[in-house]
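# When you get a sec, could you give me coordinates for this:
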Amino acid sequence: MEETLVRAQCGLNTVAAGQKNIHSRYNPIIEAERYIDSLNPRGCIEYIILAECGLCYVIEPLRKKFPTAKIISLHLSAFYAGKSYTAPDAEWTPDSPLSLNVFLENEIDDTEADKIKIIEWRPAASVYKHEYLNLIKEITAFVKLSDANKRTRTAFGRRWLKNVIRNCFLLKDCINITRVTKSGFDCIIAGAGPDLEDAYGAIRDLTKNGALLIAVSSAVNALLYAGLHPDIIVACDGGNWAHLHLFESIRFFYDKKPAYPVLAFSLNAAIPSQCAVFNLLPISDESLFQGIAGKFFDISCLSFPQRGTVSASAFDLALHITSGVIYTAGINFSHKGIRTHVKPYAFDAILSNSTDRFRPLYTRQFERADMITKSGANSIYAGWFSRQNYPRSIYSITNDNWVFTGKSKKITADIFTFNKKKAEFNPVTNFISALFAALESPVTKDRLAYELSDMLFDGGESSKYENLRDELLQITEKYRIIEARNG
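As a prediction, the model looks like this:
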């Protein structure tokens, strides 16, 4: 579609695309004002996404209604770059260096769906048709994921903050810190989907030839049962139930005494203290709070954005440590009948113990599968993965169609060095003082207050220094008591 600038009768520009006009040939400003008035957008809107609004005459009336909202303009043609009547806060075109999804992730913090307003421009829809519909689908999928991440953080934020402090408190003792050097070996990422069982043969072939096995924590039990030992376990879940996935692997490696795997874990994950026997690879989520914690406790971390699913973190890790071929198994975000996960699975015992004659195991499994389906989480994350533009090919493997013929490029030992270290003793009380100082610093106070409020208060409604101070003191009380008792 070729676009050209055309003068409207009022002297402003409009755009002719083929036989159609993107804006009024008489007065584009009045047209935009009437359109926004007809939409009558209301509420506490923080972000406005413009879906191909051409020369963006709608920005001016939107700014009058929502002066503090961030306006983001998305285009279907590079023709519109820099031509907006009023400049948006951020602009994306198809020739931008970032994919649309990555661009939106960079520009929009996770927030509730009702705080994001999508403005469609119908004349553009009639011009670009299928491209326009695909743009709307991508925006909608992003908003759903942002909303899901925000709701998760609202529900678990306080627990995550406690986990960061607890993990840093534990990590100050003598531990094995894993250093990673990027290499060219192949690797397999194993998720806990029910089709993982179909890939055991292929995984065995690959690992025998030097490929690295990266497993999300919920898949470890099944892999060990099949005689497959993960080289790296990835743990990101902040709930206390996440301990169940790791306890079995702790028992196995303690009893069998093979080489301990690397435990790559988010600082906000729920990690049993027994995991200190593993080789540890802490991962920060790029937040200011976790950055302050890692620096204060002298913990060297990899840094990846929080994505809401441990599988995405496993992908980030694999892409970071290897330039070789990446294979996946058990990452399908779908059910096999009423089976939601590979077996054995740590949560199976919870279902079995909650059965009675009115709700037998089959019923409980059906209810769980139905609950997961209705939550929409699988479709949200499956959609997110489908929109990723990874820098190289990633292959899914199963026994049904897999024939192994090659060799991995490098053995796994080349990438790891294990450094026994003992961090300097830094009391939690001093850490709280450092956070208070950061909340008073003009450089960091706004961002840190926003992050802490987002985790500590429903809806992030309170960023007052006094409220944050009281909450931080309450959360760290246990560790301050322990330190005082130990002198």
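# for the stretch 101-250 of the chain, what are the low-confidence residue spans?
Applying pLDDT under 70 to the stretch 101-250 of the chain flags the ranges 170-182.
# all helices for it, in order.
For the stretch 101-250 of the chain, helices defined by DSSP state H, counting those that start in this stretch occupy the ranges 122-128, 130-171, 200-208, 220-225, 243-256.
# Buried deepest among these, which one?
Comparing these by mean neighbour count (mean count of other Cβ atoms under 10 Å), helix 220-225 comes out on top with a mean of 22. Every C-beta, even on glycine, is put in place using the N, C-alpha and C of the backbone.
# who does it touch, helix- and strand-wise?
Packing contacts for helix 220-225, counted by 3 or more Cβ pairs under 8 Å, 6 or more residues apart in numbering; DSSP states H and E, involve helix 243-256.
# next helix or strand past the helix it packs on?
For helix 243-256, the following helix or strand on the C-terminal side (DSSP states H and E) is strand 262-266.
# avg pLDDT for that next one?
Mean per-residue pLDDT for strand 262-266: 88.
# Neighbouring strands of the following helix or strand past it in the sheet, and parallel or not?
Toward the C-terminal end, the helix or strand that comes next after strand 262-266 (DSSP H and E) is strand 279-284. Sheet partners assigned to strand 279-284 using DSSP bridges are listed as strand 175-180 (parallel), strand 262-266 (parallel), strand 302-303 (parallel).
# re the thing from before, could I get the helices of the stretch 101-250 of the chain in CSV, plus columns for distance to residue 436?
Formatted as CSV, those follow (distance: least, Cβ to Cβ, whole Å):
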stretch, distance to residue 436
helix 122-128, 50
helix 130-171, 14
helix 200-208, 49
helix 220-225, 39
helix 243-256, 31
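# Which of the ones you listed sits closest to residue 288?
Smallest distance to residue 288 across the helices of the stretch 101-250 of the chain (Cβ to Cβ): 12.1 Å, for helix 130-171.
# I'd like the distance from that closest one to the chain centre, please.
6 Å (Cα atoms, centre = their mean, to the nearest Å).
# Check stretch 246-259 too.
The answer for stretch 246-259 is 29 Å, by Cα atoms, centre = their mean.
# Equivalent analysis for stretch 18-31, please.
Centroid separation between stretch 18-31 and its chain, computed with Cα atoms, centre = their mean, is 40 Å.
# I'd like to know which of the helices of the stretch 101-250 of the chain lies nearest to residue 287.
Closest to residue 287 of these, according to Cβ to Cβ: helix 130-171, at 9.3 Å.
# Tell me what angle the closest one forms with strand 279-284.
On the basis of axes from the mean of the first three to the mean of the last three Cα atoms, to 10 degrees, helix 130-171 is oriented at 130 degrees to strand 279-284.
# quick one, which of the helices of the stretch 101-250 of the chain is nearest to residue 486?
helix 130-171 (11.8 Å).
# And the pLDDT for the residue nearest in space to the middle of the chain?
By Cα atoms, centre = their mean, the chain has its centre lying nearest to residue 307, at 0.4 Å. At residue 307, the model reports a pLDDT of 74.
# do the same with residue 425
As predicted, residue 425 sits at a pLDDT of 56.
# repeat for the one 10 residues further on
Looking at residue 435, its pLDDT is 89.
# got the domain boundaries for the protein?
Split into domains by automatic domain parsing, the chain comes to 3-149, 172-421, 427-485.
# Distance to residue 161 added to the ones you listed, as JSON lines?
Listed next are the domains of the chain as JSON lines, based on distance: least, Cβ to Cβ, whole Å:
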{"stretch": "domain 3-149", "distance to residue 161": "16"}
{"stretch": "domain 172-421", "distance to residue 161": "7"}
{"stretch": "domain 427-485", "distance to residue 161": "5"}
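# Could you pull up the contacting residues of residue 480?
Listed by Cβ atoms under 8 Å, 6 or more residues apart in numbering, the contact partners of residue 480 are 427, 428, 429, 432.
# Quickly name whichever of the residues you listed is closest to residue 27.
When the contacts of residue 480 are compared for distance to residue 27 (Cβ to Cβ), residue 432 wins out at 59.0 Å.
# Look up how far residue 288 lies from that closest one.
Going from residue 432 to residue 288 by Cβ to Cβ, to the nearest Å gives 16 Å.
# just checking, residue 254 touches residue 275?
No: using Cβ atoms under 8 Å, residue 254 makes no contact with residue 275, being 10.9 Å away.
# hang on, the earlier thing: quick one, which of the domains of the chain is nearest to residue 166?
Distance to residue 166, taken as Cβ to Cβ, is lowest for domain 427-485 among those, at 7.5 Å.
# how far does the closest one stretch from start to finish?
Using Cα to Cα, to the nearest Å, one end of domain 427-485 lies 12 Å from the other.
# what's the answer for stretch 291-300, then?
The first-to-last residue distance of stretch 291-300 comes to 10 Å (Cα to Cα).
# Residue 113 is in contact with residue 49, correct?
No: in this structure, residue 49 is not within contact of residue 113 by Cβ under 8 Å, at 11.6 Å.
# Mind checking which of those two has more residues around it?
Ranked by neighbour count (other Cβ atoms under 10 Å), residue 49 and residue 113 place residue 49 first, with 27 against 16.
# okay, that one: pLDDT?
pLDDT, residue 49: 96.
# swap in residue 354?
67.
# What separation do you get for residue 263 and residue 197?
Applying Cβ to Cβ, the value for residue 263 to residue 197 is 24 Å.
# if we can go back for a sec, lowest-confidence entry in the contacts of residue 480?
Among those, residue 427 has the lowest pLDDT, at 75.
# residues touching it, list them.
480, 483.
# So which of residue 263 and residue 197 has more stuff around it?
With neighbours defined as other Cβ under 10 Å, residue 263 and residue 197 compare such that residue 263 has more, 26 against 18.
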